[in-house]
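Student: need coordinates for the below:
(4 chains)
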Number of protein chains: 2
Amino acid sequence: MALKHSAQRDKIMAFLMGRKDHPTADVVYMNVRKEYPNISLGTVYRNLTLLANMGEIMRLRVGDGVDHFDADTSPHYHFVCTECGSVIDLEMENIDTIQDIAGAGFDGKIAGHVTYFYGICGDCSKESASGQKPETALQ
Amino acid sequence: MALKHSAQRDKIMAFLMGRKDHPTADVVYMNVRKEYPNISLGTVYRNLTLLANMGEIMRLRVGDGVDHFDADTSPHYHFVCTECGSVIDLEMENIDTIQDIAGAGFDGKIAGHVTYFYGICGDCSKESASGQKPETALQ
DNA sequence: AGCAAAATCAGGAATCATTACTATTTTAAT
DNA sequence: ATTAAAATAGTAATGATTCCTGATTTTGCT
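Tutor: Numbers count the residues shown, from 1 in each chain, chains lettered A, B, ... in the order given. Okay, the predicted model is just below:
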């Protein structure tokens, strides 16, 4: 049951910490493989899940059908561009009061919430005049 | 391009409107099939997607890996029980101000947000003393 | 250093939700 | 009634993720 050290896990964690976007498992795999050519996609998934369960990283489900991962576990929110699909950190004041608002008149116990904002990111707003075409979209 | 009438789509819509929980495509399929034994799962998916794109129903992605559908398109929020997986409507006051809070200092355009609350529902809280076992959980 | 048990791995197969394909049937306008 | 467009049933394909297995690595112990 004890956790053992693993070079693969270290590489995955190091890669994630070096990125401020929020890579998918496949992106992690593609990149870690540059230094660690034999790593398997299953290993990437297993370690991402393990790290997420330990609370060392966060798994983000932003509605595009693919899980994203974030090494920044401090409480913060995300914006998802419906044009290019990029997931961007938001720096904003605390909105935890929404849990109290939601809990008023509800008979269960509210333990947390998941929120993401969507719209058009700054880059896509600027490019909107050109013929730029995206390949990712929220469903 | 014009939409044509379809008995199958009617049944799907009618079933969804008769439920206040938030069924998955498979649950819709199982139930509509009682009255319409030949309907195929593909037809259910195609119509749910069509209805969602037309704005007649909502597709909910609550993080359990399966899409849920809601015939109530009025703005409201959902609670997901981490114990039994049930998705419950919340009646709560408007929290749209969170979009203004999120938009302050962000250079993109925020068009909307998705929020769901999670925790233990009222039923599971009561049952927690007994040995009740769930089969669904958020990842 | 040497050993053994437990953890991890690579590679590939399996799963599961969802979508795509195709030949046939249904709808609705002429 | 005719006909073209839309929808269907059934099935195959896709894609993300998980599971399985035999080989390798880590770590505590001697």
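
Student: any low-confidence regions in chain A?
Tutor: With pLDDT under 70 as the threshold, chain A has low-confidence stretches at A:1, A:128-139.

Student: quick check: longest strand of it.
Tutor: When chain A is parsed with DSSP state E, its longest strand is strand A:109-120.

Student: partner strands of that strand, parallel or antiparallel?
Tutor: If you go by DSSP bridges, strand A:109-120 pairs up with strand A:77-81 (parallel), strand B:109-120 (antiparallel).

Student: can you redo those as CSV, where the extra columns are mean neighbour count and distance to residue B:69?
Tutor: Heads up, the C-betas are built off the backbone N, CA and C, glycines and all. Below are the strands paired with strand A:109-120 laid out as CSV (neighbours: other C-beta atoms under 10 Å in any protein chain shown; distance: least, C-beta to C-beta, whole Å):
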stretch, mean neighbour count, distance to residue B:69
strand A:77-81, 22, 21
strand B:109-120, 18, 15
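
Student: wait, which of these is closest to residue A:110?
Tutor: strand B:109-120 (4.4 Å; C-beta to C-beta).

Student: list the contacts of the helix or strand that that closest one is followed by.
Tutor: Next along the chain after strand B:109-120, taking DSSP states H and E as the criterion, comes helix B:122-127. The list of residues contacting helix B:122-127 from outside it, by C-beta atoms under 8 Å, 6 or more residues apart in numbering or on different chains, reads A:106, A:107, A:108, A:109, B:81, B:83, B:84, B:86, B:132, B:134.

Student: beta partners of the residue lying closest to the first one once chain neighbours are set aside?
Tutor: Nearest in space to residue A:106, with sequence neighbours left out and distances taken as C-beta to C-beta, 6 or more residues apart in numbering or on different chains, is residue B:90 at 6.1 Å. Using DSSP bridges, the bridge partners assigned to residue B:90 are residue B:77.

Student: can you mark which positions in the longest helix anywhere in chain A are buried?
Tutor: Determined from DSSP state H, the single longest helix within chain A is helix A:41-54. Residues A:43, A:44, A:47, A:48, A:49, A:51, A:52 are the ones in helix A:41-54 that count as buried (16 or more other C-beta atoms under 10 Å in any protein chain shown).
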